[in-house]
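**Student:** No letters, just coordinates:
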């Protein structure tokens, strides 16, 4: 617990230093911090997304063989599982899945630490752009986050058209509701992170198109 509090305190100190260097603008400091964190992680998150896309393509190509295995081992679940693992291993499926998990494990505590640090500093935060108080929710900011979330999903080439149709509205709605009820300072961090998600989707689309 002491280590975690020290980590959050260090981020809060960094955020305060950024705000001081940016003309005492706490809102701008939040955006800059979010961009530093997310852009710093972008090479890993982009690589994980690209690897996930290639894995899904391989899975689609193996679908006839997987169906054949299901029929061949219909009465033996253990043999079916072993045969599937052997097939995946033969085609290199699953060997890079850990990359996305590691990236997520790095992002989760870092994001939580940044959120806690922002929350600590919101008491003395004032206005930013159209937002009168960063410590209170802002519906326009929530709408902006929802639009960015929608754009990131729409641009993401790793999702099929069916998945996009089914999954577009839910994360957009969730992001709108959460940011609408959260302090605007946290919403600013979410908005900047969502903007990087849009960039990642655009870069992924470009890289996959270059491979074709």
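**Tutor:** Nice, I can see it. These figures come from a predicted structure and were not determined experimentally.
**Student:** Can you tell me which helix or strand of this structure has the lowest average pLDDT?
**Tutor:** The weakest-scoring helix or strand in the chain, judged by mean pLDDT, DSSP states H and E, is helix 161-167 (a mean of 59).
**Student:** Show me what secondary structure element comes after that one.
**Tutor:** helix 169-181 (DSSP states H and E).
**Student:** tell me what that following helix is packed against?
**Tutor:** On a contact count with 3 or more CB pairs under 8 Å, 6 or more residues apart in numbering; DSSP states H and E, helix 169-181 meets helix 139-155, helix 184-211. (Each C-beta comes from the backbone N, C-alpha and C, glycine too.)
**Student:** Give me the residues contacting the shortest one.
**Tutor:** If I follow you right, that is helix 139-155. Around helix 139-155, the neighbours that count as contacts under CB atoms under 8 Å, 6 or more residues apart in numbering are 130-131, 159, 164, 167-168, 171-173, 175-177, 179-180, 184, 187-188, 190-191, 194-195, 197-198, 200-202, 205.
**Student:** before we move on, the earlier item: output the helices and strands packed on helix 169-181 in JSON lines; the columns should cover distance to residue 56, mean pLDDT and mean neighbour count.
**Tutor:** Below are the helices and strands packed on helix 169-181 laid out as JSON lines (distance: least, CB to CB, whole Å; pLDDT from 0 to 100; neighbours: other CB atoms under 10 Å):
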{"stretch": "helix 139-155", "distance to residue 56": "16", "mean pLDDT": "89", "mean neighbour count": "19"}
{"stretch": "helix 184-211", "distance to residue 56": "11", "mean pLDDT": "84", "mean neighbour count": "19"}
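**Student:** Looking at those helices, spot the one closest to residue 108.
**Tutor:** Residue 108 lies closest to helix 184-211 among the helices and strands packed on helix 169-181, at 12.9 Å (CB to CB).
**Student:** Low-confidence regions, the protein specifically.
**Tutor:** Scanning the chain for pLDDT under 70 picks out 61-62, 66-67, 69, 73-76, 79-80, 87, 90-107, 121-125, 158-168, 210-212.
**Student:** Show me how far the top helix by length along the chain is from its chain's centre.
**Tutor:** Secondary structure of the chain per DSSP state H: the longest helix is helix 26-61. Here helix 26-61 is found 7 Å from its chain centre; the criterion is CA atoms, centre = their mean, to the nearest Å.
**Student:** which strands and helices sit next to that helix?
**Tutor:** helix 2-21, helix 97-121, helix 184-211.
**Student:** I'd like to check the angle between it and helix 184-211, please.
**Tutor:** On the basis of axes from the mean of the first three to the mean of the last three CA atoms, to 10 degrees, helix 26-61 is oriented at 40 degrees to helix 184-211.
**Student:** Quick check: next helix or strand after helix 26-61?
**Tutor:** Where DSSP H and E defines the elements, the next helix or strand beyond helix 26-61 is helix 63-72.
**Student:** Which other helices and strands does the helix or strand that comes right after that next one contact?
**Tutor:** Sequence-wise, the next helix or strand downstream of helix 63-72 (DSSP H and E) is helix 77-90. When contacts are defined as 3+ CB pairs under 8 Å, 6+ apart, helix 77-90 sits against helix 63-72.
**Student:** tell me the angle of the helix it packs on relative to helix 77-90?
**Tutor:** Going by the same axes, to 10 degrees, helix 63-72 makes 160 degrees with helix 77-90.
**Student:** All good on my end, thank you.
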